[in-house]
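**Q** Below are the sequence and a predicted model; questions follow.
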Amino acid sequence: MTDKSKNKRLTRESWVKGAFNTLCEEGIDQVRVERLAKKLNVTKGSFYWHFKDRSELLDALIEYWNDEMTKTVLENAKMFHGDPVQRIFSTLRDIISNEKTKHDPVFRAWANHDPKAQKYVEKVDKLRTSFLTDLFVDAGFSAEESEIRARMLYYYVLGEAYVTKKESRAVRLKRIERKAEIFTNKS
C-alpha cells in the first residue's frame, strides 16, 4: 500500500505545530513520534529528518510556546504608543484579543512533571514579569511597587486562563481599560 501523502516531507515547524496541537488537545503524554506521524499522515522518517529524538521535539515545542505566546506580545508592545498606562492597556488588550495565555495551563501542567519544562516555564515567567515591571516603572512606580504590581497583574491574567472560560473574549475585552486603571492607580 503506497500512499503519496506518506512520501511528503514536512517542515520542522509542521512537526512542532502538530506537537503543539496534540499537547493542547490531549496532553504531553500523547506527544509521541509515531502518533504524530500518523496524525500528520507521514512516516516516522520525516520526523528524524528534523529531530534527533523526542526530547529535541519537546525542546522545540516549548520554544515555540515562548515565541508565539510571549515574544510576540513583547514585540507588539514595542509598537504601542501613548503614556505608560495606555501601553499597559494596549498590552492587556493584545494578550486577551489574541488569547496569548490560553495554552499556559497545559504547559504548566507539563512543567509540573518535567524539570526541564519547569525551568523553561520559570524563564518565561521571569521574562513576562520583567517586561511588566518595566511598564510600571515607566508609569512612575518605584522598583519594588512595580514588581509587586507586575506580579499581581501577571497572576491575574494567568488566572483568567484557568477560571474564566465562561466569560467571552468580548466581555474580557470590555473590562481591560478598567483593569489597567486599577493596576496603575497611585492612590
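**A** Arrived safely, thanks for sending.
**Q** For the residue nearest in space to the middle of the chain, which non-adjacent residue is closest in space?
**A** Note on the chain: the residue nearest the mean C-alpha position is residue 69, at 3.1 Å, using Cα atoms, centre = their mean. Taking Cβ to Cβ, 6 or more residues apart in numbering, and ignoring the residues beside it in sequence, residue 69 has residue 100 as its nearest neighbour in space, at 4.9 Å. For the C-beta atoms, the positions are set from N, CA and C on the backbone; glycine is no exception.
**Q** Residue 94 and residue 78, how far apart?
**A** Taking Cβ to Cβ, to the nearest Å as the criterion, residue 94 is separated from residue 78 by 11 Å.
**Q** Check the gap between residue 91 and residue 24 for me.
**A** Computed with Cβ to Cβ, the distance linking residue 91 and residue 24 is 23 Å.
**Q** same check, this time on residue 71
**A** Spatial separation of residue 71 from residue 24 under the definition Cβ to Cβ is 18 Å.
**Q** And the pLDDT for residue 90?
**A** Listed pLDDT for residue 90 reads 89.
**Q** Over to residue 164?
**A** According to the prediction, residue 164 has pLDDT 57.
**Q** One more: residue 121?
**A** With respect to pLDDT, residue 121 has a value of 95.
**Q** what sits against it?
**A** When contacts are counted by Cβ atoms under 8 Å, 6 or more residues apart in numbering, residue 121 is found next to 62, 107, 108, 111.
**Q** same thing with residue 70?
**A** Contacts for residue 70 were tallied using Cβ under 8 Å, 6+ apart; they are 100, 124, 127, 128.
**Q** my read: the last one touches residue 154, true?
**A** Spelled out, it's residue 128. Yes - distance between residue 128 and residue 154: 6.0 Å, which falls inside the contact criterion (Cβ atoms under 8 Å).
**Q** The two: which is more packed in?
**A** Neighbour comparison, residue 128 and residue 154: the larger count goes to residue 128, with 23 against 17 (by other Cβ atoms under 10 Å).
**Q** circling back to that earlier point, if you count what's nearby, which of residue 91 and residue 24 comes out ahead?
**A** Neighbours around residue 91 and residue 24, counted as other Cβ under 10 Å, are more numerous at residue 91. The numbers are 23 against 14.
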